[in-house]
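Asks: I would like the atomic coordinates for the input below:
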Amino acid sequence: MSGDLWGFFMDVPTEGYLIESSYCAGGECSYYTGNIDPNNIWELNLASLDGKIVKRIGVDVINFSEPRVRFSMDENGEKVNLDISPENCAVTEDGFLCINKDKQNYRLKFLIKKM
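Replies: Take a look at the predicted model:
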């Protein structure tokens, strides 16, 4: 699966990427949409579906050889770091990158589409 994560980002489209995301914790889910600017893939800006809540997510590479990346964001005033590894990633049949991360206290899903 490591090829899925790196392979998806090898040919960056000039228009960037579109993101659909959900974050579930404490029995409640929040849904967000946004995009990845091809000139700055290290920061994602996601907005809630009603456009009121904006999440800024930082992206850092933790390990190039595995590969492993970390998404960092603020959630209700608390810093949340989400480590994403190859087993959390898959490219779907229609060419989207799907990232699923389930932990005991949250569930995160990203669907990233090339524009």
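
Asks: hey, let's count contacts and neighbours off CA atoms from now on
Replies: Will do.

Asks: Tell me where the model's unsure across this protein.
Replies: 1-7, 9 (pLDDT under 70).

Asks: ranges for the helices of it?
Replies: With DSSP state H applied, the chain shows helices at 2-8, listed in chain order.

Asks: Which parts of it are strands?
Replies: Taking DSSP state E, the strands of the chain run over residues 17-25, 28-37, 40-48, 54-63, 68-75, 78-84, 89-91, 97-102, 107-114.

Asks: need the ones you listed in a markdown table with mean neighbour count and distance to Phe8, can you?
Replies: Formatted as a markdown table, the strands of the chain follow (neighbours: other Cα atoms under 10 Å; distance: least, Cα to Cα, whole Å):
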| stretch | mean neighbour count | distance to Phe8 |
| --- | --- | --- |
| strand 17-25 | 17 | 11 |
| strand 28-37 | 17 | 13 |
| strand 40-48 | 16 | 13 |
| strand 54-63 | 15 | 15 |
| strand 68-75 | 16 | 14 |
| strand 78-84 | 14 | 15 |
| strand 89-91 | 20 | 8 |
| strand 97-102 | 18 | 7 |
| strand 107-114 | 18 | 9 |
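
Asks: could those go into a markdown table alongside distance to Asp11?
Replies: As requested, those are arranged in a markdown table below (distance: least, Cα to Cα, whole Å):
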| stretch | distance to Asp11 |
| --- | --- |
| strand 17-25 | 11 |
| strand 28-37 | 13 |
| strand 40-48 | 13 |
| strand 54-63 | 18 |
| strand 68-75 | 18 |
| strand 78-84 | 20 |
| strand 89-91 | 14 |
| strand 97-102 | 13 |
| strand 107-114 | 10 |
